[in-house]
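1. no letters, just coordinates:
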């Protein structure tokens with residue numbers, strides 16, 4: 001049988017198989033459809049039966065619940081009626097008992113209130129007596145305070161006493177902020193004068209390392225300042241202006257006195273500092289900017305405690321800057337000396353290098369040229385193989401090492 005026939009035969013078989021498969025598939029689909037319709041009808045009938053049975057059971061359950069609820073409501077109503085009757089009876093008995101106990105308690109409370117009131121009144125009278133004694137004692141202490149204030153006013157009534165107070169405050173600020181080597185106290189600052197300024201701060205001088213002194217003196221025009229405060233309290237404009245004019249006159253007098261006694265360039269700075277010991281007094285002076293600038297132009301700087309502390313802080317920073325500059329100058333001198341010595345050291349190193357080079361050349365000549373000449377001379381000599389070669393040459397172990 002030839003291949004073409006075989007292929008045709010197989011094609012026919014395949015075609016027939018496909019037809020059979022398609023036929024079987026259609027039959028299976030028809031069978032599934034019939035089966036599905038039968039199952040649907042059967043399930044519908046069963047569902048209807050189940051629904052009817054469930055409805056019957058629900059009706060029976062509803063009837064049973066209604067009967068049980070009626071019985072529960074009837075029982076509950078009877079129980080509530082019995083409880084209401086019992087509660088009414090108990091409330092009536094409790095009311096009678098409470099009224100009786102309240103009468104008894106009222107009698108007891110009245111008795112205790114009378115006793116407590118008597119005790120409290122006695123305690124109150126005792127406390128009032130104690131307080132009166134404390135008040136009398138306080139009045140005595142206030143008399144002592146008034147006497148102390150009077151003594152303080154008498155102390156401050158003298159110009160010398162006020163000056164001492166300002167000087168003490170000024171000293172505390174300076175001694176807290178500056179080391180002792182940077183200021184002098186009660187110092188005759190002007191050459192040929194016996195007037196001593198309260199404090200003189202040493203500033204670095206330009207010539208010969210001699211310091212330049214900054215004179216600082218404290219002033220306290222108390223009477224004029226008190227009259228100014230009284231004017232503020234009374235809101236009296238005329239009194240305020242009069243007191244301010246008097247205050248400025250006193251400060252101008254102080255400024256002239258300080259400049260005459262203590263300012264003497266180049267021994268001192270061309271200006272001096274007046275220290276006012278209260279911030280309020282300093283604020284009154286600063287309030288008149290023209291007066292303040294006039295004093296500054298005349299060589300007098302007015303300061304209060306805060307501004308004076310700030311000025312000392314600036315001076316302290318300046319001192320530290322000068323110390324840094326001085327240290328930098330010393331370092332520069334040291335580096336210059338090192339540079340000079342390094343030049344000498346470089347010369348010595350150059351000479352040493354030349355000598356070392358010459359020594360190397362000599363060693364090269366000795367080790368290279370001479371050793372090669374000796375080797376050529378000994379080329380034909382047979383090497384000695386004995387172990388006593390060092391002994392024959394007279395070389396000891398020390399020589400070998």
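-> Right, received. Where do you want to start? Since this is a predicted model, take the numbers as computed values, not measurements.
2. point out where the stretch 101-250 of the chain drops to low pLDDT.
-> Along the stretch 101-250 of the chain, the model assigns pLDDT under 70 to residues 121, 124-125, 128, 132, 135-136, 138-165, 205-209.
3. which residues in it form strands?
-> Taking DSSP state E, counting those that start in this stretch to define them, one finds strands in the stretch 101-250 of the chain at 183-187, 197-203, 212-218.
4. a markdown table for the ones you listed, including mean neighbour count?
-> To be clear about C-beta, it is placed using only N, CA and C from the backbone, and glycine gets the same treatment. Output for these, formatted as a markdown table (neighbours: other CB atoms under 10 Å):
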| stretch | mean neighbour count |
| --- | --- |
| strand 183-187 | 16 |
| strand 197-203 | 21 |
| strand 212-218 | 23 |
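5. export those to TSV and append columns for distance to residue 122.
-> Formatted as TSV, those follow (distance: least, CB to CB, whole Å):
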stretch	distance to residue 122
strand 183-187	66
strand 197-203	65
strand 212-218	61
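6. which stretch among those comes nearest residue 37?
-> Evaluated over the strands of the stretch 101-250 of the chain, closeness to residue 37 peaks at strand 197-203, with 123.6 Å, by CB to CB.
7. what sits up against that closest one?
-> Under the criterion CB atoms under 8 Å, 6 or more residues apart in numbering, residues 167, 170-171, 174, 178, 181-187, 189, 211-218, 261-262, 268-269, 272, 312, 315 lie in contact with strand 197-203.
8. so what strands line up beside it?
-> Note on strand 197-203: by DSSP bridges, its sheet partners are strand 183-187 (antiparallel), strand 212-218 (antiparallel).
9. now distance to residue 234 too, for the ones you listed, in a markdown table please.
-> Shown next, in a markdown table, are the strands paired with strand 197-203 (distance: least, CB to CB, whole Å):
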| stretch | distance to residue 234 |
| --- | --- |
| strand 183-187 | 41 |
| strand 212-218 | 29 |
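10. which one, of those, ends up nearest to residue 131?
-> strand 212-218 (46.3 Å).
11. roughly how far is that closest one from the heart of the chain?
-> The chain centroid and the centroid of strand 212-218 are separated by 39 Å under CA atoms, centre = their mean, to the nearest Å.
12. what does it contact?
-> Contact with strand 212-218 is made by 163, 166-167, 169-170, 174, 184, 187, 189, 197-205, 254, 258, 262-263, 266-269, 272-277, as judged by CB under 8 Å, 6+ apart.
13. just the buried subset of those, please.
-> In terms of neighbour count (16 or more other CB atoms under 10 Å), the buried residues within the contacts of strand 212-218 are 163, 166-167, 169-170, 174, 184, 187, 189, 197-203, 254, 258, 262-263, 268-269, 272-277.
14. what about residue 270, which helix or strand?
-> Counting by DSSP states H and E, there is no helix or strand that carries residue 270.
15. which residues does the closest residue to residue 182 other than its chain neighbours form beta bridges with?
-> Nearest non-adjacent residue to residue 182, counting by CB to CB, 6 or more residues apart in numbering: residue 202, 5.3 Å away. Beta-bridge partners recorded for residue 202 (DSSP bridges): residue 213.
16. so where do the helices sit in the stretch 151-300 of the chain?
-> Using DSSP state H, counting those that start in this stretch, the helices found in the stretch 151-300 of the chain span residues 159-177, 222-234, 237-262, 279-287, 289-297.
17. could you check how far residue 298 is from residue 291?
-> Remark: distance between residue 298 and residue 291 (CB to CB, to the nearest Å) = 11 Å.
18. which of those two has more neighbours?
-> More crowded of residue 298 and residue 291, by other CB atoms under 10 Å: residue 291, with 17 against 13.
19. so who does the more buried one touch?
-> So residue 291 contacts 248, 285 (CB under 8 Å, 6+ apart).
20. and what of residue 281?
-> 220, 221, 225, 304.
21. now the two most distant members of the residues you listed.
-> Greatest spatial distance among the contacts of residue 281 (CB to CB): 221 and 304, at 13.7 Å.
22. output the contacting helices and strands for whichever helix or strand residue 34 is part of.
-> For residue 34, the element it lies in under DSSP H and E is helix 3-157. Other elements packing on helix 3-157 under the criterion 3 or more CB pairs under 8 Å, 6 or more residues apart in numbering; DSSP states H and E are helix 159-177.
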